[in-house]
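> no FASTA, just this:
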């Protein structure tokens, strides 16, 4: 069981004055059997009065608006989260051959079986699916694990190989991508085998923070914001798999939002009025809320500017954090 | 023939003479169709007898005079609509045919019962699908059909809509099948159905053009529609109180129904606004006025879901109001119709509406559907592909006659194109046999005579959460091209005044 304090700061800086900014953010860590969000605080500068709802995927969404003219918008989410060791995939899950889409248990996850814009069901994935099947013992659980490992082995982690709007077609053609692409690839390979799967956005806590003394290089890309996938195994439940690391999720994974794909979970999205261009920077700090020695380790990471091209100055613009 | 003809009438129009009798109807052939005016033996139906005698005694020149008078009246009032994708300017007159469509009380009773039942079932379906989803859990409707529907709004799941009302205004399209004389439901429109302004204006013009006819027929009035609608809108106000602020939200002057938007706003005495006139702050909607911001309680929106709020839906929309969905979710503003209704009038889900009536109400449908093939079912798709030249194919999410194939009149290239589209995206299409629509005698100006033209009927149903109020009649749309079955105004159709008789003649 680990307790982390997470500070996620998103800063939009505009070239000129903007106004009437409306935003919704998905930044509050999820609350369930293996993870507790002990506290959460959202603040914005300029200040606003956020309100919240829970979306159809069970994510907390906070909404706020800033009407007055401003040149920068800072959104800070501060949370304390308690993470328990996630359950391992049990042996002897349902045979792949016995998966039935009309089964009541699977039917309820229709949305998590359908192709999406980011994770279309492509004929090119047939090879991966076949190989994952061959590596598995024929059970759904071992297929899912094999698929995550296979994607880890076959694709290069490379920033800039894809962009925030990339579907898995880009990763398939370049053989490279980032965690978002790895997660989408795994979703398609699972769903095409009739296994419900969901996209997970969250944080990967650096190993030296999660387990003091471990190597820093474990933190892929040096960025705490992360994405992976969860698979539903009939009769057993949901299990997280990280295809960027090629293994099941562990105490380092903090879950924030679920969705069909990235499109459902963007941490910050909004629209504003103004002709100004924008620069985005994201800063995520993770530290143990309390460790065994009673002192705090600090791991700080910085994200670069957004990867996608910005719209060419429409009177009303969108902002979205990658 | 009443003695009480208004003086004005005599001044404007030439008198009738005996010689004119029979000229308008010369060569009239009801054809192999159900004729709304004539019995198969050529006699006028009892409820049409007086109207027939009147028309039959008119000379074509007299009729033409009245027709021009009616057209002038429409033109002077600026009653127009817009056809998209024809590149010929924005607005045009909605062709109006002077010969009314008359429905006897018995037909209307059945229609009214059937529509009430249907609207209540559709509303219960929407409550369920955005709530507990009982119908899916009970396996009475395939989940795939709902979740693959482009108009299903996941954002609406769990949102409490004011009064539990989704379908405040429904326009349900009916056709009378010539083979049986029975009214069938052709499609449901529960998003932002338009056309009611034509119903009201057609009536107004008819009372000016055939004033005495209203003395001779017990025609049930339609002019209380704006009052009824306004009452429902008022009842939705989240703040309660006597004077809720209600606005009609229009996409603007380029919208095909802009005339109707301004007409209804004026009739109901509410503000006509565009997205830029509203602003949301702290989940409350305000209207920008010269006196400052004024809180808005109810939005009668005539903008599609997709464009309503760029934050929640299409981010490139400039027509909507950013933050509106949040205010709606917070319960600070009511929207009519509710968001997400498109899942109920999807043309594939339409096929299940009779099942909704049985499931939610435990009743048998009063009005039947037209037989429908769902291309998402492999067996249906195979049948449709084999019979394309005999079928009507419709895109499930479209309305207004767009994205449609009329098999019997389509050329080979068009049929081939649809064959590809169906195979690429079967879920997006349904097919129906061509229903031989009933006909009503209509005036053809090209040869100054009356001929049968196919019609449908769109009654407008208002739902206040307890009961359905339907203005008697509705919009009769008429395919003015000889032989055509397509009545949509966007496809060259016109309209008629529709009379529901309050009793026997």
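Sure thing, it's come through. For clarity, every value in this text was computed on a predicted model and none was experimentally measured.
> just the pLDDT at residue 130, thanks.
As the question left the chain open, I've gone with chain A. For residue A:130, the pLDDT comes out at 97.
> wrong one, I was asking about chain B
Reported pLDDT for residue B:130: 97.
> that one reaches residue B:344, doesn't it?
No. Contact criterion Cβ atoms under 8 Å: residue B:130 and residue B:344 do not qualify, at 10.3 Å. (Each C-beta comes from the backbone N, C-alpha and C, glycine too.)
> any residue of the strand or helix carrying residue A:53 up close to chain B?
Secondary-structure element containing residue A:53, defined by DSSP states H and E: strand A:51-54. Yes. Part of strand A:51-54 sits near chain B under the criterion Cβ under 8 Å from any Cβ of the partner chain, namely A:51, A:53-54.
> helices or strands up against that strand?
If you count contacts as 3 or more Cβ pairs under 8 Å, 6 or more residues apart in numbering or on different chains; DSSP states H and E, strand A:51-54 packs onto strand A:60-66.
> any residue of the strand it packs on touching chain B?
Yes. Strand A:60-66 reaches chain B (Cβ under 8 Å from any Cβ) through A:63, A:65.
> what does that strand rub up against?
A:19-28, A:30, A:40, A:42, A:44, A:46, A:48-55, A:73, B:280-283, B:322-323, B:326 (Cβ atoms under 8 Å, 6 or more residues apart in numbering or on different chains).
> with stretch B:375-389 instead?
Applying Cβ under 8 Å, 6+ apart, the set of residues contacting stretch B:375-389 is B:144-145, B:148, B:348, B:373-374, B:391, B:393, B:405, B:407-408, B:410, B:415, B:418-419, B:422-423, B:426-431.
> buried residues of it, list them for me.
Under the neighbour-count criterion of 16 or more other Cβ atoms under 10 Å in any protein chain shown, stretch B:375-389 has B:375-377, B:380-381, B:384-385, B:388 buried.
> do you know the pLDDT at the nearest residue to residue B:38 once chain neighbours are set aside?
Computed as Cβ to Cβ, 6 or more residues apart in numbering or on different chains, the closest residue to residue B:38 that is not its neighbour in sequence is residue B:30, at 5.4 Å. pLDDT for residue B:30: 91.
> equivalent analysis for residue A:214, please.
Note on residue A:214: pLDDT of 42.
> bridging residues for residue B:395?
Taking DSSP bridges as the rule, residue B:395 bridges to residue B:429.
> surely it is in contact with residue B:428?
Yes. Between residue B:395 and residue B:428 there is a contact under Cβ under 8 Å: 5.7 Å.
> so for the two, which sits in the more crowded spot?
Per other Cβ atoms under 10 Å in any protein chain shown, whichever of residue B:395 and residue B:428 has more neighbours is residue B:428, with 20 against 17.
> show me where pLDDT drops low in the stretch 351-500 of chain B?
Residues of the stretch 351-500 of chain B meeting the criterion pLDDT under 70: B:399-401, B:489-492.
> how about the helices in it?
B:353-356, B:378-386, B:412-424 (DSSP state H, counting those that start in this stretch).
> now chain A
Along chain A, the segments classed as helices by DSSP state H run A:104-107, A:126-135, A:140-154, A:168-174, A:179-191, A:207-210.
> check what pLDDT residue A:295 gets.
pLDDT at residue A:295 comes out at 40.
> before we move on, what about the one 10 residues further on?
The predicted local distance difference test score for residue A:305 is 38.
> pretty sure residue A:287 contacts residue A:2?
No. With contacts counted by Cβ under 8 Å, residue A:287 stays clear of residue A:2, the gap being 11.1 Å.
> which positions in the stretch 1-150 of chain B make contact with chain A?
B:143-144, B:147-148.
> if we go to 10 Å?
Residues of the stretch 1-150 of chain B lying near chain A by Cβ under 10 Å from any Cβ of the partner chain: B:130, B:133, B:136-137, B:139, B:142-148.
> among those, who's most crowded?
Going by other Cβ under 10 Å, residue B:130 tops these with 25 neighbours.
> and the lengthiest strand in chain B, what does it pack onto?
The longest strand of chain B (DSSP state E) is strand B:449-458. On a contact count with 3 or more Cβ pairs under 10 Å, 6 or more residues apart in numbering or on different chains; DSSP states H and E, strand B:449-458 meets helix B:60-77, strand B:96-103, strand B:169-176, strand B:183-189, helix B:196-209, strand B:439-444, strand B:475-479, strand B:493-500.
> burial measure for residue 141, as a count.
Defaulting to chain A. 22.
> looking at chain B here, not the other one
Neighbour number of residue B:141 under other Cβ under 10 Å is 20.
> isn't it right up against residue B:354?
No. Using Cβ atoms under 10 Å, residue B:141 is not in contact with residue B:354; the gap is 11.8 Å.
> leaving out chain neighbours, which residue sits closest to residue A:156?
Residue A:156's closest residue in space is residue A:176 (Cβ to Cβ, 6+ apart), at 4.0 Å.
> from chain B, how far off is the one you found?
29 Å (Cβ to the nearest Cβ, to the nearest Å).
> buried among the residues of strand A:51-54 next to chain B? Need that as a selection in ChimeraX.
Only the buried entries of the residues of strand A:51-54 next to chain B go into this ChimeraX selection, using 16+ other Cβ under 10 Å:
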select /A:53
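> what residues are up against residue B:368?
B:114, B:177, B:180, B:182-185, B:354 (Cβ atoms under 10 Å, 6 or more residues apart in numbering or on different chains).
> try it again with 7 Å
B:184, B:354 (Cβ atoms under 7 Å, 6 or more residues apart in numbering or on different chains).
> partners of it in the sheet?
The partner residues for residue B:368, given DSSP bridges, come to residue B:184.
> residue numbers of the stretch 301-450 of chain B in contact with chain A?
Proximity of the stretch 301-450 of chain B to chain A, by Cβ under 7 Å from any Cβ of the partner chain, involves residues B:310-311, B:315, B:318, B:322-323, B:326, B:329-330.
> for burial, what's the neighbour tally of residue A:2?
Going by other Cβ under 10 Å, the residues that sit close to residue A:2 add up to 20.
> from chain B, how far off is it?
From residue A:2 to chain B the distance is 32 Å (Cβ to the nearest Cβ).
> assess the claim that that residue and residue A:83 are in contact.
Yes. Between residue A:2 and residue A:83 there is a contact under Cβ atoms under 7 Å: 5.0 Å.
> shared neighbours of the two, anything?
With Cβ under 7 Å, 6+ apart, residue A:2 and residue A:83 have common neighbours residue A:251.
> do you know how far the closest residue to residue B:179 other than its chain neighbours is from chain A?
Setting aside the residues directly before and after it, residue B:179 is nearest to residue B:436 in space (Cβ to Cβ, 6+ apart), at 6.4 Å. As judged by Cβ to the nearest Cβ, residue B:436 and chain A stand 39 Å apart.
> I'd say residue B:436 and residue B:181 touch.
No. The pair residue B:436 / residue B:181 is not scored as a contact, 11.2 Å apart, by Cβ under 7 Å.
> neighbour count winner among the two?
Legend: neighbour count by other Cβ under 10 Å for residue B:436 and residue B:181, higher for residue B:436 (17 against 11).
> contacting residues for that one?
Residues near residue B:436 by Cβ under 7 Å, 6+ apart: B:33, B:177-179.
> how about residue B:340?
Contacts of residue B:340 by Cβ under 7 Å, 6+ apart are B:130, B:152-153, B:156, B:305.
> can you add secondary structure and give the residues you listed back as TSV?
Shown next, in TSV, are these (DSSP: H, G, I helix; E, B strand; the rest coil):
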residue	secondary structure
B:130	coil
B:152	coil
B:153	coil
B:156	helix
B:305	helix
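> much appreciated, bye for now.
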